[in-house]
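# Pasting a predicted model and its sequence here:
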Amino acid sequence: MKVRNDPKFASLVRKKIIDVYTAESNVSNAKRAKESLWHVSDLVFPRQTYYNIVQGRKVTDTAIGFWFTGKAYHAELQRVLGAKYAEVEAKWGSVVAHIDHLDRVLIEIKTSRKWTIPELPAPHYIRQAGYYCAMTGKKQAKIVVVYPTSGRTRKGTKSSTVEVGAWELSFTAQDLKVIQADMNDTIRAIEGAVKKKDPGSLPPVPDWLLKDFDRPEPGDYDEKDDMRQPFNFSTLAVKYV
């Protein structure tokens, strides 16, 4: 028998993935624009949303790599938890959300390529789950993160293990009101930035989110600051216990 590396076919498969995801993204974006709706993901990283609006949403090889594996883990975990409670649609004003899982507990599912499980969840995980709670009135949420490369080593001498991390968020009724105000403030800030063609008033984001855009400003994102104030414009106090 013969075994031959076939990079040409691998490229064709990758192109097929990109073409399908691009088409699906275009349909979804056109639908939201026609209905004048914002998606929760638009509010999580408002500076990225600014560039999506001004320069067009990018579907890149890097993005595909994350989406493809993330969607697979999402779908399987949703099936295990109960598929009938997956992708629950919620609307609040002009904002629409599709919650990963909502039965008695609101669950936000994420996939991370970090090699170790951090002590605290990423600020944007908290932001997205908090927005869902503000939209539904839920005072608690779970963040569940799948780490498919946990335990990996740089030298490749140890196999990766798939691990799961989880955190619980708790909000008061006043917290949810503050987050609702933050959502409105974020929308107004994005609209104002687009009108002025200047993203300077929008919160900075990690460089990897904007590397595919033609942007003049330097990266000034600080995860420690973001962790202290995980919502975009609110002064909500966050206590990690």
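Thanks, I have the structure now.
# mean confidence score for the helix or strand containing residue 66?
Take DSSP states H and E as the rule and residue 66 turns out to sit in helix 61-82. Model confidence over helix 61-82, given as mean pLDDT, is 83.
# Mind giving me the packing neighbours of the helix or strand just after it?
Along the chain past helix 61-82, the next helix or strand (assigned with DSSP H and E) turns out to be strand 86-92. In terms of contacts (3 or more CB pairs under 8 Å, 6 or more residues apart in numbering; DSSP states H and E), strand 86-92 is packed against helix 61-82, strand 95-102, helix 123-136. The C-beta positions use only the backbone N, C-alpha and C, and glycine is treated the same way.
# Residue 116: which of those is closest?
helix 123-136 (16.1 Å; CB to CB).
# immediately after the helix ranked longest in the chain, which helix or strand?
When the chain is parsed with DSSP state H, its longest helix is helix 7-34. Toward the C-terminus, helix 7-34 is succeeded by strand 38-39 as the next helix or strand (DSSP H and E).
# so who does the residue nearest to residue 22 when sequence neighbours are not counted touch?
Spatial nearest neighbour of residue 22, chain neighbours left out: residue 59 (4.5 Å); criterion: CB to CB, 6 or more residues apart in numbering. Residues near residue 59 by CB atoms under 8 Å, 6 or more residues apart in numbering: 18, 21, 22, 25.
# switch the cut-off to 6 Å
Residues near residue 59 by CB atoms under 6 Å, 6 or more residues apart in numbering: 21, 22, 25.
# and residue 176, helix, strand or coil?
Under the three-state scheme (DSSP: H, G, I helix; E, B strand; the rest coil), residue 176 adopts helix.
# again, but for the one 10 residues further on
Residue 186 carries the three-state label helix when classified by three-state DSSP.
# so it makes contact with residue 232?
Yes - judged on CB atoms under 6 Å, residue 186 makes contact with residue 232 at a distance of 4.8 Å.
# Looking at those two now, which is surrounded by more residues?
residue 186 (25 against 22; other CB atoms under 10 Å).
# ok, the residue most central in space within the chain to residue 107 distance?
By CA atoms, centre = their mean, the mean C-alpha position of the chain lies nearest to residue 41, the distance being 5.9 Å. According to CB to CB, to the nearest Å, residue 41 and residue 107 sit 16 Å apart.
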